[in-house]
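[1] Take this sequence and fold it.
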Amino acid sequence: MGLPFAPVYTSVRELEENFPKYQYTANCILDFNNLSVAEILQFIIAQGKYLQDVYVKNVTEKDDIVALLNGGVSKIIVDENNAHKIDTATISETDCSSRFISSSAVEELHLCNSEQLARKYMSCLKTDREDGLFTSVVVDANNKCLGLVYSSFPSLLAALQTGTGVYYSRSRNEIWYKGKTSGDTQKLLSVGFDCDGDCLKFVVEQSGSGFCHVPEQTTCFGSQNYDVYELEKIIQSRFQDSNLPSNSKSYTKRLFSEPKLLNAKIREEADELVEAQSKDEISWEFADLLYFSICKLVQNGVSLKDVEANLKLKNLKTIKRKGDAKAKYLETEEKKETENVEKKKPVEQDKKNGSVQKPIHLSVVNYGDKQGILDAFTRPIQKSNDIMNLVGPIVSNVRTKGDAALLSYTEKFDGCKLSSPVLEAPFPPEYIESLSEEMKQSLDLSIANVEKFHQAQLQTDILDVETQPGVICSRFPRPIEKVGLYIPGGTAVLPSTALMLGVPAKVAQCKEIVFATPPNRQTGKISGEVVYVAEKVGCKKIVLAGGAQAVAAMAYGTESVPKVDKIMGPGNQFVTAAKMLVSNDTSALCSIDMPAGPSEVLVVCDKKSDYDFVASDLLSQAEHGIDSQVILVGINLDQEYLTNLQNAVDKQANNLPRVDIVRKCIEHSSIVLCKSVEEAFEMSNNYAPEHLILQIENAESYLDLVDNAGSVFVGTYTPESCGDYSSGTNHTLPTYGYARQYSGVNTATFQKFITSQAITPQGLDKIGKAVMTIAKVEGLDGHRNAVKIRMQKLGLVPETFE
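    Coordinates of the predicted model:
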């Protein structure tokens, strides 16, 4: 409710000097004797975010009253001295009788300091608590409740004096300055109280991770639901990012860099909203229009609070417009009705240049077309010899010239001229500070799940087996000491790969973890998300390079890059080739996890599968890169299902920011039709996909038919995306068909296993003669003698034994 008191201002000078002292009341009384309509309205515009009620006294002329009420003044104060001067026709004519109040309804406040203002608040409050504290609720500027606290006169005074959130801590029995230790401070916007005067209301602007002390929550009642204000914050962050030169990784950033596209999308979505018929269509299209409209607001420095202020202003207007549409829009609607224009278009237009594009459809290979099936399962890769010829000189150059070659290749391939090829811990704080709390919490959840699953895989026990009496064979694990983790950059930021590699390295207790990831072409920096993960897993050094040159630097070491014992991580064909090259070089003494190149997926579905789900799974991999491949093996699919599926692929693809990449990937991707489940799994096992998705009835029952796959996603509600980020399994998997021979990254990838044996005289007696017999036939007399000499001294064989 509005406060029963309000500071009064009689001149522009008083407004300028005193309003900052009393802005927390969120109301004021303006004296029209010394202020003009223009000065009052200018004040309302400038200070609108702090104001809830603006009263004006000593105004009597009809035109002035109408202008003030239309301009945002809440109420006109009428007192006994000027009531007779106000024409009663003004009230009835403008239909605003509720906006005239008596001067006795609000007390004029003439104060000069915060203490007197705090005492005025206290005089209006009551409490039945024994400790004399006042129950207080804290809300944000959008009236979302953040938490319940308590206040005293000293805490309220401190809040008004500092302009921050200050309360009383019952547990510590002292004044509590919110955020003093955590850094999650609050800017005070206003203070009010409820209709009974027994509860204070603090309106604040929260900074940091949120109000609540629980890390997972932004409020004491749980994390705030996603709404238009959260959307506005995200869009504002994208806009701030777009002011920095960087390669576009979000559609929102693209909208800011292409004004014509944004304007076109607003018009397009407005048209689609007009044409929408069902409730679902209308809500869907309005959501799109709202998103693009908020982009327009943010781009021009307008906030949703500004829009709300204008809505309030329109609601407060005393003289309403007729509200007819402009003629050109009425004519357009009439023309549409006459022509009966269809909403759906047969072809999709390229959003960049307006040219007509073919629908994004996969080629279909029918059952029995052996050559077609063979072609469909052929991956879009270059010949190994061609790639090796390109990669070899790069690896050799980095090996011999070290940092100089690494920096040169980074400038050549990534377009960045760096002074150092590495980023060392402690990492610059701006990387972490650039991340939203939502992103940190998402990464933390994913890290926790991956760690839980990989911790369960950790082998720590010593295996002891007595093969013969007196012969004990053992195996014990040790972490690989130094590991290099390659995190692709390319067309997307991939913090998920950083955690998929870094977490099991941490679980395995590797002593030195090195990241390598290419810098951004425009900024020369890497993503804050990757740095955040690096801190979490204990990585101390990040190589600012990608491609074969990064692999070579970690395999051989440079002046700045430490040599590692094993390199893990996916990459393009050049990265994969470089990994295989160094692993075959004995002078490098560096192994690799597996050949892991461009991403791929094979989906098995039947005609009962949801074609929207199937399309989304195919596209989730197609957006990785133009050299990715997606395959659908369909069991007894009819033409109706295929048509619906192809339309779903086209529709969903055209709504993706990376549609151009998807289009090129789909060119070498296929739907392969078959007659039975067994046939589908035979095809899948021959292809040996990186990702295998089973969208068939009773999917779990067919796992026994899977022989070759990197990772399997079982059932309708198991999208591959969950495995990529947060379920807990690892997403670094063998590609190119290497799932026939390799496993995906797991905890054992970062371990080695040492065997030992301990043999007693009894044991030597049991196996000694067998050893000597086999060594003799192999012609290895030294082996035979090492056993014979021991057995002779033990008296197990005679001295003359040959």
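
[2] Quick one, grab the pLDDT at residue 41.
    pLDDT, residue 41: 86.

[3] Tell me, how many residues neighbour it?
    Counted with other Cβ atoms under 10 Å, the neighbours of residue 41 add up to 17. For the C-beta atoms, the positions are set from N, CA and C on the backbone; glycine is no exception.

[4] for the host helix or strand of residue 267, which positions count as buried?
    Assigned by DSSP states H and E, residue 267 falls within helix 259-275. Across helix 259-275, burial judged by 16 or more other Cβ atoms under 10 Å covers 261, 262, 265, 266, 269, 270, 272, 273.

[5] One more: stretch 176-185?
    176, 177, 178, 179, 184, 185.

[6] and the residue nearest to residue 183 when sequence neighbours are not counted, how many neighbours?
    Of all residues not flanking residue 183 in the chain, residue 208 sits nearest, at 5.4 Å (Cβ to Cβ, 6 or more residues apart in numbering). Residue 208: 14 surrounding residues under other Cβ under 10 Å.

[7] So that it lines up with my notes, have the first residue be 57 from now on.
    Taking 57 as the first residue, the last one we looked at is residue 264.

[8] any idea how far residue 760 is from residue 264?
    Residue 264 sits 51 Å away from residue 760, going by Cβ to Cβ, to the nearest Å.

[9] circling back to that earlier point, kindly reformat the buried residues of helix 315-331 as CSV containing distance to residue 97 and pLDDT.
    Output for those, formatted as CSV (distance: Cβ to Cβ, whole Å; pLDDT from 0 to 100):
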residue, distance to residue 97, pLDDT
317, 36, 86
318, 31, 87
321, 34, 88
322, 29, 91
325, 34, 88
326, 31, 90
328, 38, 86
329, 33, 88
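
[10] Now do the contacts for residue 655.
    Under the criterion of Cβ atoms under 8 Å, 6 or more residues apart in numbering, the neighbours of residue 655 are 626, 677, 680, 681, 684, 746, 747, 791.

[11] Without its sequence neighbours, what residue ends up closest to residue 252?
    Leaving aside its sequence neighbours, residue 252 sits nearest to residue 182 (Cβ to Cβ, 6+ apart; 7.8 Å).

[12] Is that neighbour within a helix or a strand, and which one?
    Residue-wise, residue 182 maps onto no helix or strand under DSSP H and E.

[13] Count the neighbours of it for me.
    10.

[14] My guess is residue 788 contacts residue 627. True?
    No: at 10.4 Å, residue 788 and residue 627 do not qualify as touching, with contact defined as Cβ atoms under 8 Å.

[15] Check residue 602 and give its pLDDT.
    With respect to pLDDT, residue 602 has a value of 94.

[16] Please report how far it lies from residue 449.
    Taking Cβ to Cβ, one finds residue 602 at 17 Å from residue 449.

[17] check contacts around residue 776.
    So residue 776 contacts 657, 673, 676, 677, 747, 749, 769 (Cβ under 8 Å, 6+ apart).

[18] what do you get if the cut-off is 10 Å, keeping everything else the same?
    655, 657, 659, 672-674, 676-677, 746-749, 767-769, 783, 787 (Cβ atoms under 10 Å, 6 or more residues apart in numbering).

[19] just how off-centre is stretch 612-619 within its chain?
    Centroid displacement of stretch 612-619 relative to its chain, using Cα atoms, centre = their mean, to the nearest Å, is 32 Å.

[20] What residues sit buried inside it?
    612, 613, 614, 616, 617, 618, 619.

[21] Make CSV from those and add secondary structure to it.
    Conversion of those to CSV gives the following (DSSP: H, G, I helix; E, B strand; the rest coil):
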residue, secondary structure
612, helix
613, coil
614, coil
616, coil
617, coil
618, coil
619, coil
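
[22] In those residues, find the pair that's most separated.
    Spanning the widest gap among the buried residues of stretch 612-619 are 612 and 616, at 12.6 Å by Cβ to Cβ.

[23] Next, show the common contact partners of the two.
    residue 458.

[24] which residues of the stretch 457-606 of the chain score low on pLDDT?
    546-548 (pLDDT under 70).

[25] And the strands in it?
    478-480, 519-524, 527-535, 538-542, 568-572, 597-599 (DSSP state E, counting those that start in this stretch).

[26] and the third one, what does it pack onto?
    With contacts defined as 3 or more Cβ pairs under 10 Å, 6 or more residues apart in numbering; DSSP states H and E, the packing partners of strand 527-535 are strand 519-524, strand 807-815, helix 817-834.

[27] Show me the domain layout of the protein.
    If you go by automatic domain parsing, the domain ranges for the chain are 61-165, 170-262, 440-648, 656-799, 816-849.

[28] ok, back up a step: out of the helices and strands packed on strand 527-535, which gets nearest to residue 251?
    Closest among these, using Cβ to Cβ: strand 807-815, at 66.6 Å.

[29] mind listing what's buried in the closest one?
    807, 815.

[30] again, but for stretch 70-80
    By neighbour count with 16+ other Cβ under 10 Å, stretch 70-80 contains the buried residues 70, 71, 74, 75, 77, 78, 79, 80.

[31] Ok, stretch 582-597 next?
    Judged by neighbour count (16+ other Cβ under 10 Å), stretch 582-597 contains these buried residues: 582-590, 592-593, 595-597.

[32] Could you do stretch 447-459 as well?
    By neighbour count on 16+ other Cβ under 10 Å, the buried set for stretch 447-459 is 447, 450, 451, 453, 454, 455, 458, 459.

[33] So what's the gap between that stretch and the chain middle?
    Distance, stretch centre to chain centre, for stretch 447-459: 36 Å (Cα atoms, centre = their mean).

[34] quick one, helices of the stretch 307-456 of the chain?
    307-313, 315-331, 335-355, 360-372, 383-395, 426-432, 440-457 (DSSP state H, counting those that start in this stretch).
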